[in-house]
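**Q** sequence isn't available, so here's the structure alone:
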């Protein structure tokens, strides 16, 4: 390779690299927050986000500059979450253990001592536990559809497009997810006095 | 009877408060007629109100800076192993790489491996009293991709034969996917077709579920060992289905290598059982 073409390849490589860095900077918050909403865990979200961008890095030449890169990222984040959930479930079944990952909470979460009435804080902590436990009863697909609809406010049609499934399937997954959450939270609704008599 | 049916199409909009006045009137009228539905609906709304209280703390800017650096570092490391083609490569360079001695050796090895697999599958069956062979062909599948190497009518087979057939077909898939000597380029050269592999794995997955439930009902250790293997294979098949890019097949290697060993043991056990 001549010195001139070697220089041009190097320059091109630097271009792609800085281009990709900008791509990560533009999308990292969206990918991480989606992964966090899906998994409910910072360490899992961190792993998923890194895997997603690594995949994006490997295929970057295919979608560089395309407007649909955001949609594509959305899809691979969801797939990475489903894949991870299955692997976790499989590992837990096989070895009775969870996949533990690391996330430096003290460094990244600006953790301050929460202020307020201790009773309120306990109630908030209890609610958090109840919500996450209820979400854990959903299948990965039900959870994805529920999160995209309820927390990301996507329309059923958009969810269907992101997941490459029919709108009817999305509707049915959403309905089953809500029914399952309803069952999982029955006792807690009662505790909160939200349960009406039939 | 499911009384939701007449207003089912409105339920999602009703839960998220997006009904038009006319739709709302229709929905409310139906709930008035069916108090138990009104009760169910109130519970669903209360559930969603609780779910609204979920708050996920976003990490600080330092986290996102570190995330970017980690991704860039991992990306460069991965690319340096040849899994990514970040630099544009000229056609002449591609041809030179393609025909390099190491690649030719890999392609030959891959072709030889496929041929050996084919002949083992085709001719290694044991002779039955009536002279029929119980090799791949007798199970109703061939290596021709258009006739699908995995579509098998196993309705008339007993459990042992179905397990044997399933294991042989899974090992066929493993053999295609897993030679550690094959890099991405060699896979492409061998005509590795991810869509086809995913089609195979989906069909095998359907049979996995039936087999698992039957094997779970067997109490002897051998049956359980086979049941465990079938679960491992299931994880592998699911992983194949999740792949977006043929190059990612290498990420399954640890799982693949671990399974290869168990595979041999279980197949030996099956042979002993038969004798």
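**A** Done, it's in. The structure displayed is predicted, hence computed values, not measured ones.

**Q** residues near the residue lying closest to residue A:164 once chain neighbours are set aside, how many?
**A** What sits nearest to residue A:164 in space, not counting adjacent residues and going by CB to CB, 6 or more residues apart in numbering or on different chains, is residue A:75, at 7.6 Å. Glycine gets a C-beta too; all of them are placed from N, C-alpha and C. The local packing count at residue A:75 equals 17, with neighbours defined by other CB atoms under 10 Å in any protein chain shown.

**Q** and the one 4 residues further on, by the same measure?
**A** For residue A:79, the neighbour count with other CB under 10 Å is 19.

**Q** quickly note the distance from it to chain B.
**A** Residue A:79 sits at a distance of 6 Å from chain B (criterion: CB to the nearest CB, to the nearest Å).

**Q** who does the helix or strand containing that residue touch, helix- and strand-wise?
**A** Of the helices and strands defined by DSSP states H and E, residue A:79 is found in helix A:69-95. On a contact count with 3 or more CB pairs under 8 Å, 6 or more residues apart in numbering or on different chains; DSSP states H and E, helix A:69-95 meets helix A:3-39, helix A:42-58, helix A:140-146, helix A:156-163, helix B:221-242.

**Q** any part of the helix or strand that that helix is followed by near chain B?
**A** Tracing the chain C-terminally past helix A:69-95 and defining elements by DSSP H and E, one meets helix A:105-108 next. Yes. Using CB under 8 Å from any CB of the partner chain as the criterion, contacts between helix A:105-108 and chain B involve A:107-108.

**Q** what secondary structure does residue B:54 sit in?
**A** Look at residue B:54: counting by DSSP: H, G, I helix; E, B strand; the rest coil, its state is coil.

**Q** ramachandran angles for it?
**A** According to degrees, to the nearest 10, the main-chain angles of residue B:54 amount to phi -70, psi 130.

**Q** and it, how far is that from chain A?
**A** For residue B:54 relative to chain A (CB to the nearest CB), the value is 5 Å.

**Q** can you give me the buried ones in stretch A:59-78?
**A** Applying a neighbour-count criterion of 16 or more other CB atoms under 10 Å in any protein chain shown, the buried positions in stretch A:59-78 are A:59-60, A:69, A:72-78.

**Q** rounded mean pLDDT for that stretch, please.
**A** Taken as a whole, stretch A:59-78 has an average pLDDT of 78.

**Q** picking up where we left off before, now for the buried residues of stretch A:59-78, which pair is the farthest apart?
**A** Spatial extent of the buried residues of stretch A:59-78 (CB to CB) is set by the pair A:60 and A:78 at 19.4 Å.

**Q** what's the least confident stretch among the helices and strands packed on helix A:69-95?
**A** Summarising mean pLDDT across the helices and strands packed on helix A:69-95, the least confident stretch is helix B:221-242, with a mean of 74.

**Q** still on that earlier bit, wait, the residue nearest to residue A:164 sits on residue A:160?
**A** No. Under the criterion of CB atoms under 8 Å, residue A:75 lies out of contact with residue A:160, with a separation of 12.0 Å.

**Q** if we can go back for a sec, what is the nearest of the buried residues of stretch A:59-78 to residue B:240?
**A** Nearest to residue B:240 among the buried residues of stretch A:59-78, counting by CB to CB, is residue A:76 at 16.4 Å.

**Q** which residues does the closest one contact?
**A** For residue A:76, the contact set (CB atoms under 8 Å, 6 or more residues apart in numbering or on different chains) comprises A:52, A:55-56, B:244.

**Q** if we use 6 Å, what do you get?
**A** Residues in contact with residue A:76, defined by CB atoms under 6 Å, 6 or more residues apart in numbering or on different chains, are A:52, A:55.

**Q** equivalent analysis for the one 5 residues further on, please.
**A** Taking CB under 6 Å, 6+ apart as the criterion, residue A:81 is in contact with A:38, A:48.

**Q** ok, now residue A:149?
**A** For residue A:149, the contact set (CB under 6 Å, 6+ apart) comprises residue A:174.

**Q** now it: how far from residue A:163?
**A** Spatial separation of residue A:149 from residue A:163 under the definition CB to CB, to the nearest Å is 11 Å.

**Q** would you mind naming what in the stretch 51-200 of chain B lies close to chain A?
**A** Taking CB under 6 Å from any CB of the partner chain as the criterion, the stretch 51-200 of chain B approaches chain A at residues B:53-54, B:56-57, B:59-60, B:63-64, B:67-68, B:70-71, B:74-75, B:84, B:86-87.

**Q** tell me the buried residues within these.
**A** For these, burial is judged from neighbour counts taken by 16+ other CB under 10 Å, and it is met by B:54, B:59, B:63-64, B:67-68, B:70-71, B:75, B:84, B:86.

**Q** can I get those in TSV with secondary structure?
**A** Supplementary listing: these in TSV, determined by three-state DSSP:
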residue	secondary structure
B:54	coil
B:59	coil
B:63	helix
B:64	helix
B:67	helix
B:68	helix
B:70	helix
B:71	helix
B:75	helix
B:84	coil
B:86	coil
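
**Q** can you name the two of the residues you listed that sit furthest apart?
**A** Going by CB to CB, the two entries of those that are most distant from one another are B:54 and B:86, at 39.4 Å.

**Q** and the nearest residue to residue B:53 once chain neighbours are set aside, what's its pLDDT?
**A** Counting by CB to CB, 6+ apart, the nearest residue to residue B:53 once its immediate chain neighbours are dropped is residue A:127, at 5.5 Å. pLDDT for residue A:127: 91.

**Q** swap in residue B:62?
**A** 91.

**Q** ok, it - how many residues close by?
**A** The number of residues packed near residue B:62 is 12, by other CB under 10 Å.

**Q** quick check on it: phi, psi?
**A** Note on residue B:62: its backbone torsions stand at phi -60, psi -40 [degrees, to the nearest 10].

**Q** nearest spatial neighbour of it, skipping sequence neighbours?
**A** Excluding its sequence neighbours, the residue lying closest to residue B:62 (CB to CB, 6+ apart) is residue A:108, at 6.4 Å.

**Q** so how far is residue A:52 from the one you found?
**A** If you measure residue A:108 against residue A:52 using CB to CB, the figure is 18 Å.

**Q** cool, residue B:69 as well?
**A** Taking CB to CB as the measure, residue B:69 falls 16 Å from residue A:52.

**Q** neighbour count for these two, which is higher?
**A** Under the criterion of other CB under 10 Å, the comparison of residue B:69 against residue A:52 puts residue A:52 first, with 27 against 12.

**Q** who's in contact with that one?
**A** Contacts for residue A:52 were tallied using CB under 6 Å, 6+ apart; they are A:31, A:76-77, A:80.

**Q** which regions of chain B sit below the pLDDT cut-off?
**A** Across chain B, residues meeting the criterion (pLDDT under 70) sit at B:1-2, B:78-92, B:94, B:122-156, B:172, B:175-192, B:219-222, B:224, B:245-275.

**Q** all helices of it, in order?
**A** For chain B, applying DSSP state H gives helices covering B:8-15, B:21-33, B:35-51, B:61-80, B:91-98, B:101-123, B:159-178, B:184-189, B:194-216, B:221-242, B:253-274.

**Q** what lies in contact with stretch A:123-130?
**A** The set of residues external to stretch A:123-130 that reach it, using CB under 6 Å, 6+ apart, is A:188, B:53.

**Q** quick one: buried residues of that stretch?
**A** Buried residues in stretch A:123-130 (16+ other CB under 10 Å): A:127, A:130.

**Q** what sits against the residue most central in space within chain A?
**A** The centroid of chain A falls nearest to residue A:35 when counting by CA atoms, centre = their mean (1.9 Å). With contact taken as CB under 6 Å, 6+ apart, residue A:35 is in contact with A:45, A:48-49, A:77.
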